[in-house]
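Chemist: here's a sequence, model it:
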Amino acid sequence: MPIVVRLDVMLALRKIRSRELAEHVGITEANLSLLKSGKVKGVRFETLAAICDYLSCKPGDILDYEPD
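Modeler: Sure, this is the predicted structure:
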């Protein structure tokens, strides 16, 4: 898939643990792990907005497009 999720990079840059982000956003750590690995088919804008709010970033900092 040409959409690449760089959430793990942003978490490392902000020195925030996945558990902390999952609790703030209101999703399980398992779902956050699936999102980080790119194994999800979609993400709600509400969830994306909550992630960006907590990490003080923009969606483009987390998601990238790399065509084949």
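Chemist: show me the strands in this structure, by range?
Modeler: Per DSSP state E, the chain carries strands over the ranges 3-5, 63-65.
Chemist: make TSV out of these and add distance to residue 47 and mean neighbour count.
Modeler: All C-beta spots, glycine's among them, are computed from the backbone N, C-alpha and C. Below are the strands of the chain laid out as TSV (distance: least, Cβ to Cβ, whole Å; neighbours: other Cβ atoms under 10 Å):
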stretch	distance to residue 47	mean neighbour count
strand 3-5	12	13
strand 63-65	12	12
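Chemist: can you lay out the ones you listed as a markdown table showing mean pLDDT and distance to residue 42?
Modeler: What follows is the strands of the chain, written out as a markdown table (pLDDT from 0 to 100; distance: least, Cβ to Cβ, whole Å):
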| stretch | mean pLDDT | distance to residue 42 |
| --- | --- | --- |
| strand 3-5 | 92 | 10 |
| strand 63-65 | 94 | 12 |
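Chemist: list of residues touching stretch 36-45?
Modeler: 1, 3, 4, 5, 7, 8, 11, 18, 31, 34, 35 (Cβ atoms under 8 Å, 6 or more residues apart in numbering).
Chemist: for the fifth one, which non-adjacent residue is spatially closest?
Modeler: Meaning residue 7. residue 36 (4.7 Å; Cβ to Cβ, 6 or more residues apart in numbering).
Chemist: cool, the fourth one as well?
Modeler: Spatial nearest neighbour of residue 5, chain neighbours left out: residue 38 (4.6 Å); criterion: Cβ to Cβ, 6+ apart.
Chemist: repeat that for the third one.
Modeler: On the basis of Cβ to Cβ, 6+ apart, the spatially nearest residue to residue 4 that is not a chain neighbour turns out to be residue 64, at 4.5 Å.
Chemist: got the contact list for the one you found?
Modeler: Taking Cβ under 8 Å, 6+ apart as the test, what residue 64 contacts is 3, 4, 6.
Chemist: roughly how far does the last one sit from residue 12?
Modeler: Pointing back at residue 6 there. Remark: distance between residue 6 and residue 12 (Cβ to Cβ, to the nearest Å) = 10 Å.
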